[in-house]
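>>> Sequence and computational prediction follow.
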Amino acid sequence: MGSAGALLSHPPPQLGSILLRRHHISLPHLSSYMPEPLHCRRLHLRCSAVEGSSSQDTNLPASQREESPSSSLGATLQDPLPGRVENDSFEGVTQEEDQSSLYNFLYPSKELLPDDKEMSIFDHLEELRARIFISVLAVGASIIGCFAFSKDIIKILEAPVSVQGVRFLQLSPGEFFFTTLKVSGYCGLLIGSPIILYEIIAFVLPGLTKDERKFLGPIVLGSSVLFYLGILFSYTVLAPAALNFFVNYAEGAVESIWSIDQYFEFVLVLLFSTGLSFQVPVIQLLLGQVGLVSSEQMLSIWRYVVVGAVVAAAVLTPSTDPLTQMLLAGPLLGLYLGGAWMVRLTGR
């Protein structure tokens, strides 16, 4: 009765504990019945058993009862090595960090937004309509101003081949008129682009954090400088090289008399496509700031970048001569490597 009373007075086992005497399993053979855990941090098997204990065992302090071998048969039977970590956990941590950085960029906290204010969707649309109207008005005024000096602008754009003796003609009555409209449109868009850029920045500025505002200034300035440098590079290097190639190729066989409309179509597309292609470092900095791509990843794919630069040069240049394509592919590759270096300087 004494042992039975002690058994009844013993507290019931917790969840996961095993009463060894119930199945008459000895402790050394218990591990043979347990499958070895593959991926677990720590496995403790608490065994509550009664080995002829008396009522005196129940009166012992809790610390002595836990250290007593008769009252605590359960010990740690399986404890994997602390360095045993599943490989997928590292990838999961990396993905979570990338997702958190992207989430923080898209949904910053309100404490980081100094000019944040609640606006309805109609207020946003009204502000967007007003800024679009100002941008269109600025571009329209620039186009009208360029149209007033369209003949002078055309003479400037004809300069790369005028020294080669190339003559221009119009093949239809209104060809020159529509050409002046096209040239005025391109030039007006180029002159009015700073106002468009300002309206875009003013629209998105309240939703930017303080760190993003510090980063916005260099991005906008660098993008503008690179765009105009691309146009200047195309006007002084690419366009003369491509046009001289065609003139020299036809020399002695045909007289170079070109259509005024097709000539300006070629030159204007080449100028603006080169200016846009010079935005590669800006795109790299944006991707690095968001946390989508690191500088090591950018530099690790340099072989594919070389092929991509050649393909992009072939697509962007209206001419099919390899000289013009190589002249554009070289700066594109240099801009990409420079952008990766700048991303590394920012610590990304």
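Received it, and whenever you're ready, just let me know what you need. Residues are numbered from 1 along each chain as shown.

>>> only C-alpha atoms for contact and neighbour calcs from this point on.
Noted.

>>> what helices or strands is the longest helix anywhere in the chain leaning on?
Counting residues, the longest helix in the chain under DSSP state H turns out to be helix 175-204. Using 3 or more C-alpha pairs under 8 Å, 6 or more residues apart in numbering; DSSP states H and E, the elements in contact with helix 175-204 are helix 121-148, helix 150-157, helix 260-277.

>>> helices or strands up against the next helix or strand after it?
Note on helix 175-204: by DSSP states H and E, the next helix or strand toward the C-terminus is helix 210-233. When contacts are defined as 3+ C-alpha pairs under 8 Å, 6+ apart, helix 210-233 sits against helix 260-277, helix 280-290.

>>> which one of those lies closest to residue 299?
helix 280-290 (11.5 Å; C-alpha to C-alpha).

>>> Counting by contacts, list what the closest one packs against.
For helix 280-290, the elements it packs on are helix 87-106, helix 210-233, helix 322-345, judged by 3+ C-alpha pairs under 8 Å, 6+ apart.

>>> Would you mark the buried spots in the last one?
Just to be clear, that refers to helix 322-345. 324-329, 331-333, 335-337, 339-344 (16 or more other C-alpha atoms under 10 Å).

>>> Using CSV, write down the CA coordinates of that helix.
Only the C-alpha atoms of helix 322-345 are listed here, as CSV (Å, rounded to 0.1, in the frame of the first residue of the first chain):
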residue,chain,number,x,y,z
PRO,A,322,29.9,47.3,-87.2
LEU,A,323,31.9,50.4,-86.5
THR,A,324,28.9,52.3,-85.1
GLN,A,325,27.8,49.3,-83.1
MET,A,326,31.3,48.9,-81.5
LEU,A,327,31.5,52.6,-80.7
LEU,A,328,28.3,52.3,-78.8
ALA,A,329,29.0,48.9,-77.2
GLY,A,330,32.3,50.1,-75.7
PRO,A,331,30.7,53.0,-73.7
LEU,A,332,27.8,50.8,-72.6
LEU,A,333,30.2,48.2,-71.2
GLY,A,334,32.2,50.9,-69.4
LEU,A,335,29.1,52.5,-68.0
TYR,A,336,28.0,49.1,-66.6
LEU,A,337,31.3,48.4,-64.9
GLY,A,338,31.3,52.0,-63.5
GLY,A,339,27.8,51.5,-62.2
ALA,A,340,28.7,48.3,-60.4
TRP,A,341,31.7,50.0,-58.9
MET,A,342,29.5,52.9,-57.6
VAL,A,343,27.0,50.3,-56.1
ARG,A,344,30.0,48.8,-54.3
LEU,A,345,31.0,52.2,-52.9
